[in-house]
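Asker: Got a sequence here, can you model it:
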Amino acid sequence: MLDSSSPTTFRKAPPARPIERSKVEYQISIETLPAPEAKKQESTPASAEEAPAESTPAPAPSPESLEADDVAAIDQLGKVYQDLKTELGKTIIGQEDVIEELAICLFARGHGLLMGVPGLAKTLLVSSVAETLHLNFNRIQFTPDLMPADISGTDIIQDNGDGGKRHFEFVKGPVFSNVVLADEINRAPAKTQSAMLEAMQERHVTVLGRTYQLDAPFFVLATQNPVEQEGTYPLPEAQLDRFMFLIDVDYPTAAEEKRIARETTGADKEPLKALLTGEEVLKYQSLVRRVPVPDHIYDYAVEIVRRTRPDGEDAPEWIKEYVGWGAGPRAVQYLILGCKARAALRGTYMASLEDIEAVAKPVLSHRVLTNFAAESQGMTSKRIVNRLVEEMREDY
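Answerer: Numbering: from 1, shown residues only. A predicted model of the protein is given here:
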């Protein structure tokens, strides 16, 4: 008979290792996921039947996922952005939203299309941005007789002085710059407008079968006049899609207009200070791409873009009535990049729902094409996007 005092018979086994790992995983989940599900897990006692640690859902992106250097760089970018707005305020009065959207385009590696009536300082704003960033700046005045070679460059015959021999030498066009202003881009025909497509998307140009890389950073800002449409050529949808933002430049307020009258009719002002070099701009562009985005923001971007497509299953009935063509996958990319850049410029470490709602209008308004029924009832693309954002707010 076995002795009842034998330790080998009745000694309890130590707790199983998987249970300890499970508790650790629950602690991590509770710290990083402030969702109701995480709190529920915390109140549930651990048991031997619990799933192994490998099946625990991965925590959502959090500021802790950024490296310490990135956190410090975001803080620095927020300060630089405030200095940039202050410096531009010496020349540009008002237009805070326009300046922010231009900065988002720049640090997200996108291009901007500025829409506004004449006299709202669109050209001055673009040149001032280039001046504060210490970047090369070229302006292209689009006219009906402008040729593609006037933009990209052309080969000319040069005499090398050796026995009368001649050779072709490529002369770069104004597109070879860091910041390019395409002024009144809808004044030129489609053939000339298409010369910008390759440069905007691929960051290089091809002339007579030879490819030339453009200097980085490369940033195209185009202006378009909504009035005086005599002798203009509407931008093709393919080129409109290359622009990250459609930026509306509106009239200033009464107080801002009074400041314009007082401050721009006196003595000449000093030149603006250069705050960033091209290398620093490239560094911050890479930083923006590393800003974490929660999974529900990706869901939001995909869903709102899919709702703009009248032939899709996700489109509301009123979209099918007013929209002829919806946004494509590039809109999803620019929504995510835009909310990342906006979060970084404001000194936050993660993109939020507020950020993606703020960039939805400039990203989608020129990608949602209305039909005749919408035009006859005064339903514009901007009103459609605003209505979509309101409906999405109920779901998110």
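Asker: Break down this protein into its strands, ranges please.
Answerer: With DSSP state E as the criterion, the chain has strands at 112-115, 137-141, 153-159, 166-172, 179-183, 204-207, 210-213, 219-224, 245-248, 323-325, 369-370.
Asker: a markdown table for the ones you listed, including distance to Asp268, mean neighbour count and mean pLDDT?
Answerer: Where you see a C-beta, it was placed from the backbone N, CA and C, and this is true even at glycine. Formatted as a markdown table, these follow (distance: least, CB to CB, whole Å; neighbours: other CB atoms under 10 Å; pLDDT from 0 to 100):
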| stretch | distance to Asp268 | mean neighbour count | mean pLDDT |
| --- | --- | --- | --- |
| strand 112-115 | 25 | 23 | 93 |
| strand 137-141 | 20 | 18 | 92 |
| strand 153-159 | 35 | 12 | 84 |
| strand 166-172 | 32 | 12 | 85 |
| strand 179-183 | 22 | 24 | 92 |
| strand 204-207 | 37 | 16 | 88 |
| strand 210-213 | 38 | 12 | 90 |
| strand 219-224 | 25 | 25 | 91 |
| strand 245-248 | 28 | 22 | 94 |
| strand 323-325 | 48 | 18 | 91 |
| strand 369-370 | 45 | 17 | 92 |
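Asker: For stretch 120-128, buried residues please.
Answerer: 120-123, 125-128 (16 or more other CB atoms under 10 Å).
Asker: typed the wrong thing, it's stretch 381-391
Answerer: So, applying 16+ other CB under 10 Å, buried residues of stretch 381-391: 381-382, 384-385, 388-389.
Asker: ok, back up a step: format the strands of the chain as TSV; extra columns: distance to Leu335.
Answerer: As requested, the strands of the chain are exported to TSV (distance: least, CB to CB, whole Å):
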stretch	distance to Leu335
strand 112-115	15
strand 137-141	29
strand 153-159	34
strand 166-172	34
strand 179-183	24
strand 204-207	26
strand 210-213	28
strand 219-224	19
strand 245-248	11
strand 323-325	18
strand 369-370	18
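Asker: Tell me how the protein divides into domains.
Answerer: 16-59, 68-289, 291-396 (automatic domain parsing).
Asker: Which stretch among these is buried most, on average?
Answerer: Among the domains of the chain, ranked by average contacts under mean count of other CB atoms under 10 Å, first place goes to domain 291-396 (a mean of 18).
Asker: What's the end-to-end length of that one?
Answerer: With CA to CA, to the nearest Å as the measure, domain 291-396 spans 21 Å from end to end.
Asker: re the thing from before, any idea which of the domains of the chain scores lowest on pLDDT?
Answerer: Comparing mean pLDDT over the domains of the chain, the weakest stretch is domain 16-59, at a mean of 39.
Asker: Report the two of the buried residues of stretch 381-391 separated the most.
Answerer: Ser381 and Val389 (12.8 Å; CB to CB).
Asker: could you pull out the helices for the stretch 1-150 of the chain?
Answerer: With DSSP state H, counting those that start in this stretch applied, the stretch 1-150 of the chain shows helices at 7-10, 17-32, 36-43, 68-88, 96-107, 122-132, 149-152, listed in chain order.
Asker: picking that back up, how about the buried residues of stretch 381-391 in TSV, adding distance to Tyr212?
Answerer: Formatted as TSV, these follow (distance: CB to CB, whole Å):
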residue	distance to Tyr212
Ser381	36
Lys382	38
Ile384	40
Val385	37
Leu388	41
Val389	41
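Asker: where does Ala199 sit relative to Ile140, distance-wise?
Answerer: Ala199 is 11 Å from Ile140, where distance means CB to CB, to the nearest Å.
Asker: what do those two both touch?
Answerer: Counting by CB atoms under 8 Å, 6 or more residues apart in numbering, the contacts common to Ala199 and Ile140 are Val175.
Asker: which residue sits closest to the residue sitting nearest the centre point of the chain, ignoring its sequence neighbours?
Answerer: For the chain, the residue nearest the mean C-alpha position is Gly338 (3.1 Å; CA atoms, centre = their mean). In space, Gly338 comes closest to Val359 once its chain neighbours are excluded; the distance is 3.5 Å by CB to CB, 6 or more residues apart in numbering.
Asker: got a list of what the nearest residue in space to Pro362 that is not next to it in sequence touches?
Answerer: Distance criterion CB to CB, 6+ apart; nearest residue to Pro362, sequence neighbours excluded, is Phe245 at 3.9 Å. Shown in contact with Phe245 (CB under 8 Å, 6+ apart): 101, 104-105, 110, 112-113, 334, 338, 359, 362-363.
Asker: how much space is there between the nearest residue to Ala182 once chain neighbours are set aside and Lys340?
Answerer: Sequence neighbours aside, Ala222 is the residue nearest to Ala182 in space, at 3.9 Å (criterion: CB to CB, 6+ apart). Using CB to CB, Ala222 is found at 23 Å from Lys340.
Asker: next one: Lys122
Answerer: 26 Å.
Asker: what do you get for Leu84?
Answerer: Leu84 is 18 Å from Lys340, by CB to CB.
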